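Visitor: dropping the sequence and predicted coords here.
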Amino acid sequence: MAAQLVECIPNFSEARRPEIVEKIHRSICDVPGIHILDQHSDLDHNRTVITYIGSPAAAEEAAFQAIATAARWIDLNVHTGEHPRIGATDVVPFVPISEITMPDCVEMARRLGKRVAQELNIPVYLYEEAATRPERQNLENIRRGEYEGLKVDVKTNPDRLPDYGPAELGPAGATVIGARQPLIAYNVYLTTDDVEIAQKIAKVVRNSNGGMRFVKAMGVLVEGRAQVSMNLTNYRQSPIGRVVELVRREALRYGTAIHHCELVGLIPQEALFDAATWYLQLDGFSSEQVLENRLFEAQATASEAPAPVEGPSFLDQLAAGTGAPGGGSAAAYAGAAAAALAAMVARLTVGKKKYLAVEPQMYELIEKAEALRASLTASIEEDAAAFEKVMAAMKLPKGTPEEQSARSAAIEEATLSAINVPLHTAGMAVDAMELALQAATSGNSNAISDSATAMALARASLTGAGMNVRINCAGLQNQEKAAGFIRQIQALQSKADPLEADLKRILKERANLDS
């Protein structure tokens, strides 16, 4: 299976101070697993675009470090440049490349947005596929008024409140984070310095004024030339060759022409193939006819390595008869599986038109389920470690009264740990039951059996963890504490019963609808 790869293209409001750009560049490079593919700085725009690729976790961490670095060194109050901006780190899009979906990138955008708001106190807006409201899908709407205008509006206009973070802009401004398809940033320079001509052409070309559907454009003056600066948000539907030809024809109306064009960042190979095919009229052209593509394919086939031999799985360890991992770890494992299934149902729900109304709720479910899965997974090892601690205490010497007292205290302490771990697991199991019920109630109805399985696994997790608490309480010297732990388990079981009953009711209603 190919590795998961995400592309990230953060835009920073700095190009005139190379030492600051280098600090931002280094903050990205320092994250293990990140490969920078391109860096473009424009002095007139006073803007730097860095394109990098990595695993989802690495890409997310690199984005955070870059945002933090930019916030430390860039002050929007003294920033000037041709390009519209609202933040030191102006926009951070995630693009799915390999073995990752658009909803996965939306989750990344939401997680990063929350972290930036909480840890850096920077307002965050979500855009494109990650937008929480339709009007914020378009970046232009969020950037309206730029930093100076937003700094005033955010304090008084509820429609301009950020998705995360304070309703106040500091020197670092606000950051727009999202998920989108590959975008082509393409600039056309004209043989004139009349910026009004570029602005008129941009008005004709861009979608917002009735131009090409997936084109955003503006006219600016760069390096003494009028420039039509464009973003092609869907190069398949609005091919780059046709966009350039439209600009060329409009330029002729004003007695000017294209001087040269400029690519900002990277471009998908397919877009160049499409342009070449269209200009050269190569009907029936296939990418397999490209020499390099055939060579790369042959090299990839020849270099395929055998899959690495994996160590024993958790189930193998559980069956080994070693005492640990044991029942408590198995209970945590079942709970983690329940949380994973709840997340799966939510992911099968987002992106579907039928469930558009519950999409924000499903993304929240995913976040909760993933956090729960991580905690329950950690409890697997924690429970085994607690058992080993009890065994180690049992082996302490007991010859003298002092040794007997020390051994007794160590056993009591270890037993408390062996109770607290499954007790925590039991609480999380009930949380997983609540998520399973939510998935069944609002999630994709085609995955109702998966929600039901999640509920069953979570209930098994609660039952198993509860048994471990009860058994370990029997060995506790302080029976008053033991009684308190038992009451907590009983309360959790009482809380779980109606959750299970509600799911059975939903299943019954579904069965009647299908009969």
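Guide: That came in fine, so what should we check first?
Visitor: switch to C-alpha atoms for all contacts and neighbour counts from now on
Guide: Fine.
Visitor: and residue 188, how far from residue 207?
Guide: Plainly put, residue 188 is 17 Å away from residue 207 if you go by CA to CA, to the nearest Å.
Visitor: how many other residues sit next to residue 280?
Guide: For residue 280, the neighbour count with other CA atoms under 10 Å is 9.
Visitor: got it, and the one 5 residues further on?
Guide: Number of residues near residue 285 (other CA under 10 Å) recorded here: 13.
Visitor: and if you look at residue 115?
Guide: The burial count for residue 115: 17, using other CA under 10 Å.
Visitor: residue 490 now?
Guide: There are 13 residues near residue 490, going by other CA under 10 Å.
Visitor: in which helix or strand would I find it?
Guide: helix 479-514 (DSSP states H and E).
Visitor: that helix: how far from the chain's middle?
Guide: Offset of helix 479-514 from its chain centre (CA atoms, centre = their mean, to the nearest Å): 32 Å.
Visitor: tell me which other helices or strands it touches.
Guide: Applying 3 or more CA pairs under 8 Å, 6 or more residues apart in numbering; DSSP states H and E, one finds that helix 479-514 makes contact with helix 401-442, helix 448-474.
Visitor: dump these into TSV; add distance to residue 492 and mean neighbour count as well.
Guide: Supplementary listing: those in TSV, determined by distance: least, CA to CA, whole Å; neighbours: other CA atoms under 10 Å:
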stretch	distance to residue 492	mean neighbour count
helix 401-442	7	22
helix 448-474	8	23
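Visitor: need the residues that contact the least confident helix or strand in the chain by mean pLDDT.
Guide: Lowest by mean pLDDT, DSSP states H and E among the helices and strands of the chain is helix 291-302, with a mean of 74. Here helix 291-302 makes contact (CA atoms under 8 Å, 6 or more residues apart in numbering) with 287-288.
Visitor: also stretch 414-431?
Guide: So stretch 414-431 is contacted by 328, 331-332, 335, 372, 376, 379, 382-383, 386-387, 389-390, 393, 458-459, 461-463, 465-466, 468-469, 472-473, 475-476, 485, 489, 492, 495-496 (CA under 8 Å, 6+ apart).
Visitor: and the residue located most distally from the centre of the chain, how far from residue 414?
Guide: In the chain, the residue that sits farthest from the middle, by CA atoms, centre = their mean, is residue 400; the gap is 58.7 Å. Residue 400 is 21 Å from residue 414, where distance means CA to CA.
Visitor: can you map out the helices along the stretch 151-300 of the chain?
Guide: Counting by DSSP state H, counting those that start in this stretch, the stretch 151-300 of the chain has helices at residues 195-205, 240-253, 269-280, 291-302.
Visitor: pick the most buried one from these.
Guide: helix 195-205 (a mean of 21; mean count of other CA atoms under 10 Å).
Visitor: what angle do that helix and helix 240-253 make?
Guide: 130 degrees (axes from the mean of the first three to the mean of the last three CA atoms, to 10 degrees).
Visitor: what packs against helix 195-205?
Guide: Partner elements for helix 195-205 (3+ CA pairs under 8 Å, 6+ apart): strand 215-222, strand 225-232, helix 240-253.
Visitor: just send those back as JSON lines, with mean pLDDT too.
Guide: Output for the helices and strands packed on helix 195-205, formatted as JSON lines (pLDDT from 0 to 100):
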{"stretch": "strand 215-222", "mean pLDDT": "93"}
{"stretch": "strand 225-232", "mean pLDDT": "94"}
{"stretch": "helix 240-253", "mean pLDDT": "95"}
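Visitor: how far off centre is whichever strand in the chain runs longest?
Guide: For the chain, the longest strand by residue count, based on DSSP state E, is strand 89-98. Strand 89-98 sits 10 Å away from the centroid of its parent chain (CA atoms, centre = their mean).
Visitor: next one: stretch 130-147
Guide: On the basis of CA atoms, centre = their mean, stretch 130-147 sits 19 Å off its chain's mean C-alpha point.
Visitor: with that, I have no additional questions.
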